[in-house]
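Trainee: No letters, just coordinates:
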């Protein structure tokens with residue numbers, strides 16, 4: 001959780017940190033307003049936004065306007081924000097995050113891996129901004145690195161290192177589609193030391209630069225491209 005004190009700080013935090021979701025109060029500052037939240041939606045359409053606010057007559061128009069802007073979920077204090085209900089609402093919205101879409105796209109290709117290794121790898125894919133090594137993945141799966149790599153080869157998959165790279169690049173591509181993110185923002189969020197490193201990997205995998213990818217390839221097309229090139233015979237499950 002990254003608490004912020006105001007709207008400008010929130011936008012800066014979204015650009016800088018691997019934020020998966022924004023929870024906002026349209027009554028922040030004591031008066032109803034939609035402009036700042038609508039701006040977040042405009043700049044970062046891949047970022048789920050949930051409203052957490054007070055149910056009051058003056059908020060009705062705000063809720064209607066933000067609903068038209070594409071915000072699906074609102075939780076109201078003292079009505080439906082018991083810990084269990086709040087957690088359920090947050091978890092449901094997290095299913096719409098950029099990293100979750102990457103996980104959904106790639107984990108279907110991991111069915112032939114042993115249960116624990118598959119679970120560890122899926123967990124790693126849920127955090128593409130975390131720089132995990134293959135050695136660390138193998139340790140968490142309680143096996144040697146070479147055993148981990150052999151399981152991937154036996155299952156007809158690219159190496160674990162390659163799959164981790166693909167997950168990060170698909171995540172990067174989804175963020176690059178947001179007009180509020182620059183290539184420098186994405187480089188920082190994903191922990192690349194240099195923008196050049198990210199650019200080289202994007203060029204290697206997609207044959208395009210970050211700037212070209214923003215407009216030349218949709219999220220679905222990027223997944224299909226990766227599937228066809230790195231997971232032969234599995235195109236039929238691409239989405």
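Mentor: Structure's in. What do you need? Note that the structure is a prediction, hence the values are computed from the model and not measured.
Trainee: For the rest of this, base every contact and every neighbour count on C-alpha atoms.
Mentor: Noted.
Trainee: Residue 228 and residue 66: what is the separation?
Mentor: Distance, residue 228 to residue 66, using C-alpha to C-alpha, to the nearest Å: 39 Å.
Trainee: between these two, which one's more packed in?
Mentor: residue 66 (21 against 15; other C-alpha atoms under 10 Å).
Trainee: For that one, identify the helix or strand it belongs to.
Mentor: With secondary structure defined by DSSP states H and E, residue 66 is part of helix 60-68.
Trainee: Please work out the average pLDDT along that helix.
Mentor: In this model, helix 60-68 has an average pLDDT of 80.
Trainee: Show me what the helix or strand following that helix is in contact with.
Mentor: Sequence-wise, the next helix or strand downstream of helix 60-68 (DSSP H and E) is strand 73-76. Outside strand 73-76, the residues within contact range by C-alpha atoms under 8 Å, 6 or more residues apart in numbering are 49, 50, 51, 52, 53, 54, 55, 81, 86, 89, 93.
Trainee: Look up phi and psi at the second one.
Mentor: This points to residue 50. phi -120, psi 140 (degrees, to the nearest 10).
Trainee: what do you get for the third one?
Mentor: Taking degrees, to the nearest 10, you get phi -90, psi 140 for the backbone angles of residue 51.
Trainee: looking at this protein, which helix or strand is least sure?
Mentor: For the chain, using mean pLDDT, DSSP states H and E, the weakest element among its helices and strands is helix 98-107, scoring a mean of 72.
Trainee: residue boundaries of the strands in this structure?
Mentor: 22-24, 49-53, 73-76 (DSSP state E).
Trainee: Give me whichever of those strands is most buried.
Mentor: strand 49-53 (a mean of 21; mean count of other C-alpha atoms under 10 Å).
Trainee: gap between that one and the chain center?
Mentor: 19 Å (C-alpha atoms, centre = their mean, to the nearest Å).
Trainee: and what of stretch 201-211?
Mentor: 19 Å.
Trainee: Could you give the average pLDDT over that stretch?
Mentor: Rounded mean pLDDT across stretch 201-211 is 93.
Trainee: Can you point out the buried residues in that stretch?
Mentor: 201, 202, 205, 206, 208, 210 (16 or more other C-alpha atoms under 10 Å).
Trainee: any chance of those in JSON lines, with distance to residue 119 too?
Mentor: JSON lines is the format used below for the buried residues of stretch 201-211 (distance: C-alpha to C-alpha, whole Å):
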{"residue": "201", "distance to residue 119": "26"}
{"residue": "202", "distance to residue 119": "27"}
{"residue": "205", "distance to residue 119": "25"}
{"residue": "206", "distance to residue 119": "28"}
{"residue": "208", "distance to residue 119": "32"}
{"residue": "210", "distance to residue 119": "31"}
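Trainee: And the residue of the chain most remote from its centre, how far from residue 64?
Mentor: Among the C-alpha atoms of the chain, the one most distant from their mean position (C-alpha atoms, centre = their mean) is that of residue 57, at 34.7 Å. As judged by C-alpha to C-alpha, residue 57 and residue 64 stand 12 Å apart.
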